[in-house]
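Student: give me coordinates for this.
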Amino acid sequence: MEKCVQRWLVNTSQWDPSPHEFSIAMSVLPQHQHSSITRFIKIEDRKRALVSRLLQYALVHQVTGIPFDEIVINRTPEGKPYLEKHLNVKFPNFNFNVSHHGDYVAIASEPICLVGLDIVSCFIPGKETVIDFINSFSSYFSSSEWEKIINAGSDDDVLDMFFRLMTVGNMNRYWCLKEAFVKALGTGFGYKLDYVEFHHKDWTDIHVKVDGAVLNDWNFWLFELQGRHRIAVARGHPRIATDNYKKTLKQSHFDNDLYKLGFRLPNPEFVMRTVEELCSFFPHMEFNSQIQP
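Tutor: Predicted coordinates for the structure are as follows:
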């Protein structure tokens, strides 16, 4: 089971490919995936899209042993990627999640529990008004948290309350955790994040309340990355996944002992990968030799 608990990370800012090198890296992927990369105009967006797909195919192959030409990755109507069912997958509930923000693209996988992943680059835009800045984060607070902020008074009072209630670092931590949670469920922007509250002891022993009820079968972890980035991992029970995502899983109900086996697996540190290393996992060796680190 531990083999299936993978955490991989790529720093895309350290990869500066020529157009030829980019095409070579993209060529290891199935043809139908290319348009989901080339539809982006900016090279940074294309890089993130390419690395996200390289991570998915490489991890699925490494963990499950499915030949590359038999790997089929689709997305639910809400946009969560999943592996189409395959006889080679022996894990009870293999699933994975990807995320990107700032310099990093990451992937995490689990054998039984749902897994959610989110990266946040910690910065505040310098040209926004107080109201614009505060409003852009309204959906990430519970109702009680948000009322304390907006009822503080003047703009200066609102900012003061905002930062006293939750420092910039904490704001990004909460945001990161909430996104990891809803991504694990397979939902999208429709989920009411103001019903979700996180509690912690110095950002360890993190647990979540949804509409006031503690979810005891969920775990959360936060990691600090270079360049003022944070990454959150959520691990939890499939019973509350969206209906569309449940259809992609082998099972959404487990006996207590089997679920505890997956729930208590170690949560490893993220392993840094390079684009060249990811490409080397693919069978197109004639292409890999042309990619220079």
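Student: skipping its backbone neighbours, what lies nearest Pro77 in space?
Tutor: Nearest residue to Pro77, sequence neighbours excluded (C-beta to C-beta, 6 or more residues apart in numbering): Asn244, at 5.4 Å. Every C-beta, even on glycine, is put in place using the N, C-alpha and C of the backbone.
Student: and that neighbour, how many neighbours does it have?
Tutor: 15 (other C-beta atoms under 10 Å).
Student: which residues are in contact with the helix or strand hosting it?
Tutor: Assessed by DSSP states H and E, Asn244 sits inside helix 243-246. Identification of contacts with helix 243-246 by C-beta atoms under 8 Å, 6 or more residues apart in numbering yields 76-78, 80, 82, 185-186, 238, 252.
Student: ok, 10 Å please
Tutor: Contact partners of helix 243-246, identified using C-beta atoms under 10 Å, 6 or more residues apart in numbering, comprise 75-78, 80, 82, 95, 114, 184-187, 238-240, 252-253.
Student: now the buried members of those residues.
Tutor: Neighbour-count burial (16 or more other C-beta atoms under 10 Å) is assigned, among the contacts of helix 243-246, to 76, 78, 80, 82, 95, 114, 184-187, 238, 240, 252.
Student: make JSON lines out of those residues and add distance to Tyr57 and secondary structure.
Tutor: Below are the buried ones among the contacts of helix 243-246 laid out as JSON lines (distance: C-beta to C-beta, whole Å; DSSP: H, G, I helix; E, B strand; the rest coil):
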{"residue": "Thr76", "distance to Tyr57": "18", "secondary structure": "coil"}
{"residue": "Glu78", "distance to Tyr57": "21", "secondary structure": "coil"}
{"residue": "Lys80", "distance to Tyr57": "16", "secondary structure": "coil"}
{"residue": "Tyr82", "distance to Tyr57": "13", "secondary structure": "strand"}
{"residue": "Asn95", "distance to Tyr57": "15", "secondary structure": "strand"}
{"residue": "Leu114", "distance to Tyr57": "21", "secondary structure": "strand"}
{"residue": "Ala184", "distance to Tyr57": "21", "secondary structure": "helix"}
{"residue": "Leu185", "distance to Tyr57": "24", "secondary structure": "helix"}
{"residue": "Gly186", "distance to Tyr57": "20", "secondary structure": "coil"}
{"residue": "Thr187", "distance to Tyr57": "25", "secondary structure": "coil"}
{"residue": "Pro238", "distance to Tyr57": "23", "secondary structure": "helix"}
{"residue": "Ile240", "distance to Tyr57": "28", "secondary structure": "helix"}
{"residue": "Ser252", "distance to Tyr57": "25", "secondary structure": "coil"}
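Student: which among the residues you listed gets closest to Thr204?
Tutor: Distance to Thr204 across the buried ones among the contacts of helix 243-246 (C-beta to C-beta) is lowest for Ala184, with 19.3 Å.
Student: wait, what's in contact with the closest residue to the closest one other than its chain neighbours?
Tutor: Spatial nearest neighbour of Ala184, chain neighbours left out: Gly116 (2.7 Å); criterion: C-beta to C-beta, 6+ apart. Neighbouring residues of Gly116 by C-beta under 10 Å, 6+ apart: 80, 95, 97, 99, 108, 110, 177-187, 218, 220, 232-236.
Student: same question for Phe40.
Tutor: Residues in contact with Phe40 (C-beta under 10 Å, 6+ apart) are 46-50.
Student: skipping adjacent residues, who's closest to Ile240 in space?
Tutor: Leu185 (6.3 Å).
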